[in-house]
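Asks: kindly return the folded structure for what I paste below:
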Amino acid sequence: ILLDKDGKRKHTRPTFSGQQIFALEKTFEQTKYLAGPERARLAYSLGMTESQVKVWFQNRRTKWRKKHAAEMATAKKKQDSETERLKGASENEEEDDDYNKPLDPNSDDEKITQLLKKHKPGGGGLLLHPPEGEAS
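Replies: Numbering: from 1, shown residues only. The predicted structure is shown next:
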């Protein structure tokens, strides 16, 4: 028994064995909450007090909730960014409507040149009319 400077009992943190923690974790995987009789049986089988098992489960649920909330936040961010990406892609598809329409052979070359510049890096790599004196 440890005493503080005033002679009062000092609370020490219990240390659990690897076997105890393993059994507690296994039980926690199956159920997040223990009823009284289940808690008593588990405490007895592990050589712990019921209050130690109770507090361990409370702490473990808190840890689980934090981890679960962080995973949910990460999944939501990922979903939001994917939604934004798809939204951007659909906006680009709307812009591409002119590009995807068949060209009118009688349309002016300026419109064709603008569409090519918009959709090809470096724009204008294609010649619409060969230079004077050259055959196409």
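
Asks: now the chain, which segments are flagged as low pLDDT?
Replies: Within the chain, the segments meeting pLDDT under 70 span 1, 89-108, 112, 119-136.

Asks: now the helices for it?
Replies: 18-30, 36-46, 50-95, 97-100, 109-119 (DSSP state H).

Asks: looking at the ones you listed, which is nearest to residue 8?
Replies: helix 50-95 (19.7 Å; C-beta to C-beta). Yep, even glycine has a C-beta here, placed from its N, CA and C like the rest.

Asks: quick one, that closest one and helix 109-119 angle?
Replies: If you take axes from the mean of the first three to the mean of the last three C-alpha atoms, to 10 degrees, helix 50-95 sits at 160 degrees to helix 109-119.

Asks: same for helix 50-95, what does it pack against?
Replies: helix 18-30, helix 36-46 (3 or more C-beta pairs under 8 Å, 6 or more residues apart in numbering; DSSP states H and E).

Asks: for the ones you listed, which one sits closest to residue 53?
Replies: Residue 53 lies closest, by C-beta to C-beta, to one member of the helices and strands packed on helix 50-95: helix 36-46, at 4.5 Å.

Asks: contact partners of that closest one?
Replies: With contact meaning C-beta atoms under 8 Å, 6 or more residues apart in numbering, helix 36-46 is reached by 19-20, 23-24, 27, 31, 34, 48-50, 52-54, 57.

Asks: want to try JSON lines for the helices and strands packed on helix 50-95, with mean neighbour count as columns?
Replies: Converted to JSON lines, the helices and strands packed on helix 50-95 look like this (neighbours: other C-beta atoms under 10 Å):
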{"stretch": "helix 18-30", "mean neighbour count": "13"}
{"stretch": "helix 36-46", "mean neighbour count": "14"}
